[in-house]
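Chemist: sequence? don't have it. structure:
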């Protein structure tokens, strides 16, 4: 049986490895448009932060290893531009100019996502970079090596943008961030977003929100990001405005789409088309809180969906429960974490949301070195259900959010969660874990 | 109505405060045998570690504050030695020699636990200390101040003993630990206990297990802890062999007892005797995994049980779900955490346990500063249920255990938990959280 996978990153290679391992006689082929498979894209900001680190450190496993050790036929430089569900073929033209066509019995689309690039003049200038693929990372790092970059303009303020502020700071590069929307971190309560904002400003990051970006000019060795009311100058420009799913093949093949035009999949990674599956950042998922389709492109889901796709292909389907949208990131010394729904998302999904913001401490009463932890927790007044939480703190939020994520997976009420028997020791938190303090407060308002 | 509370620490003062706040006309009296109420006992090792810190820092709220600000009648120096459920009275003799008797309408026994002291000659020598009450902490700290203590012998190897190794190390005091049982940390798989053991040894802690302790001698300014086959010398001896519930009043009042002779309570903190409740370290609890009674004296449960007792007294009973036995502690640079059952406990409770030990990393692939995280996870072959986990690592285990604790509270299967949508970011862990890696491995064996 021919199992063809389009895309060789997290979802694609997870599927390939698991399928080949569990059924060695399977003919597994991966068609990857770039030269890279299996690398840690999320690690790029931390790698770029350190001039001495080789960007190739981020490669988890080279294509040749999959070929030689695992017997997976990995074809890099093979962008697929067409799928034919009737003929069960995929086709394209390889980077060396040769047309190719392959038959599949089962096809997995794992084409990932691409950076959103604003359609403005100058977006294709040589010192203007997105940061999504490893090749983007190579180009950024090479540019930093070749040029005396002292100032960078970052367009966008998502996870990657914020992580890159720290990376540039470590390389002694000043950062100005700009974006069209007014709110700095729209998914977080303003008070908590303000904590992150002032931490960035303390590290000399200049933040400009509500600035429509008109063009990027290059004059006398300097990039000018021209906004409606201001011009920001930099030796380099990073565009980090989020990503969109690579679902062009699905559209061409007439597959059903979900939110954000991600490829719609069921809980076994089947698309609407027989024998075609999709997994990873190009595909949607069911949200454990709403039960509805959602598109939240994150690495764990991509890996898990790759496994699930392999299991389905091998005739041993495993139902994937869904996502809670759990995420964490680091901004300088702050850990930011979220899971589930914001108040706005909860209202849109038909809940009757209520929420609290509490401040707690990262260590017990009188323990030295303690810092503030902020928790925002959202519940449903109608059902009493826990709907989501966001946390900010200098320590102890990135892992703490997981308890809330498991609570969401179990559709716990806030009251039920407030009874959780969580760990306590003075160096790690107060007797009442900050998430419990939030739940104790929230339960009174429901 | 007279609400009398025996014992003014976590459970007692939580109950008193909540009852008075929610029903200000209530007559709330707390009878406490010592001079201290409401302090952070768990913080003592960290306070003792720092010569410059005042031990009184650990007092969260003084008795006078409860009296003056909250209108709670706190009577320190009032040990109760008798309860009369028929007359509804409690009585005793105060430290200043006056007999007292009080009527109650509702009585809460919150007498806590006492350190286990071996019945050996020399246990009452002036340089031999338990470490449970704040008064113990004062005495230890004063002794360290008054004497040139360079070597300490710790009898016992539980949480407090291990935390005190670090405290003494910080004060440049050498530690020898000794205990009768052969196994170092019997509730943890040997390979993982060995990680902790070698960390202790690297900090110059000498560990002697399987040593029956016969007596403590004091000669020429040195304490000799005489064991069957060896003698350990120290300038001071700390006894940290665990605690037992203070249930003497319950025995005297003919109340039903639970495991370890803790006072048996239902999910509303009622004892077997009408109008008498119990909460905190003196009382038992239901275990969320076994559904059976268990005695696990820990601070969060004590606080929560105090609240629940107040709610019951006020006629607004709240069912407390139970404990998972979640705990964390720090030993030098290691974080140790546990929740739920060990393999042995699972077998005793009638499960058919299977377990895995996995090694993962504290940060993502290629991220600098990563260290090993060990996870031991236990599941039930018959039902597929998740039963417990233990973790050791330099970072990221104390909070991570909480996700497993919430899973236990929801009686999740290992397979269900393996689907949890946990947070990922390179500075905080691998794509697959170590607890998920353990679950993925364990699910294959069930």
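Modeler: Looks like it came in fine. Please read these numbers as outputs of a predicted model, since none were measured by experiment.
Chemist: what about the nearest residue to residue A:96 once chain neighbours are set aside, which helix or strand?
Modeler: Closest residue in space to residue A:96, ignoring its immediate chain neighbours: residue A:77 at 6.7 Å, by Cβ to Cβ, 6 or more residues apart in numbering or on different chains. C-beta here means a position set from N, CA and C on the backbone, and glycine is covered the same way. Following DSSP states H and E, one finds residue A:77 outside all helices and strands.
Chemist: same deal with residue A:233?
Modeler: Using DSSP H and E, residue A:233 sits within strand A:231-234.
Chemist: The helix or strand following that strand pairs with which strands, parallel or anti?
Modeler: Next helix or strand after strand A:231-234 toward the C-terminus (DSSP H and E): strand A:236-239. According to DSSP bridges, strand A:236-239 has the following sheet partners: strand A:128-130 (parallel), strand A:151-155 (parallel).
Chemist: out of those strands, deepest packed?
Modeler: strand A:151-155 (a mean of 25; mean count of other Cβ atoms under 10 Å in any protein chain shown).
Chemist: returning to what we had before: what pLDDT is listed against the residue nearest to residue A:96?
Modeler: If you check residue A:77, the pLDDT there is 96.
Chemist: hmm, who's touching the strand holding residue A:233?
Modeler: Outside strand A:231-234, the residues that touch it by Cβ atoms under 8 Å, 6 or more residues apart in numbering or on different chains are A:151-153, A:176, A:178, A:208, A:222-225.
Chemist: For those, which ChimeraX command selects only the ones that are buried?
Modeler: Buried members of those can be picked out in ChimeraX with the line below, counting by 16 or more other Cβ atoms under 10 Å in any protein chain shown:
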select /A:151,152,153,176,178,208,223,224,225
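Chemist: Make CSV from the contacts of strand A:231-234 and add pLDDT to it.
Modeler: As requested, the contacts of strand A:231-234 are exported to CSV (pLDDT from 0 to 100):
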residue, pLDDT
A:151, 98
A:152, 98
A:153, 98
A:176, 98
A:178, 98
A:208, 97
A:222, 97
A:223, 98
A:224, 98
A:225, 98
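Chemist: ok, the contacts of strand A:231-234 vs chain B, which is closest?
Modeler: Lowest distance from chain B to the contacts of strand A:231-234 (Cβ to the nearest Cβ) belongs to residue A:152, with 20.6 Å.
Chemist: wait, doesn't the closest one sit right on residue A:169?
Modeler: No: in this structure, residue A:152 is not within contact of residue A:169 by Cβ atoms under 8 Å, at 10.2 Å.
Chemist: I figured residue A:80 was touching residue A:6, is that so?
Modeler: Yes: if you go by Cβ under 8 Å, residue A:80 and residue A:6 touch, sitting 4.8 Å apart.
Chemist: ok, and what's touching the helix or strand bottoming out on mean pLDDT in chain A?
Modeler: Ranking every helix and strand in chain A by mean pLDDT, DSSP states H and E puts helix A:63-70 at the bottom, with a mean of 90. If you take Cβ under 8 Å, 6+ apart as the criterion, helix A:63-70 is touched by A:8, A:13, A:16-17, A:20-21, A:30, A:32, A:35-38, A:72-74, A:76.
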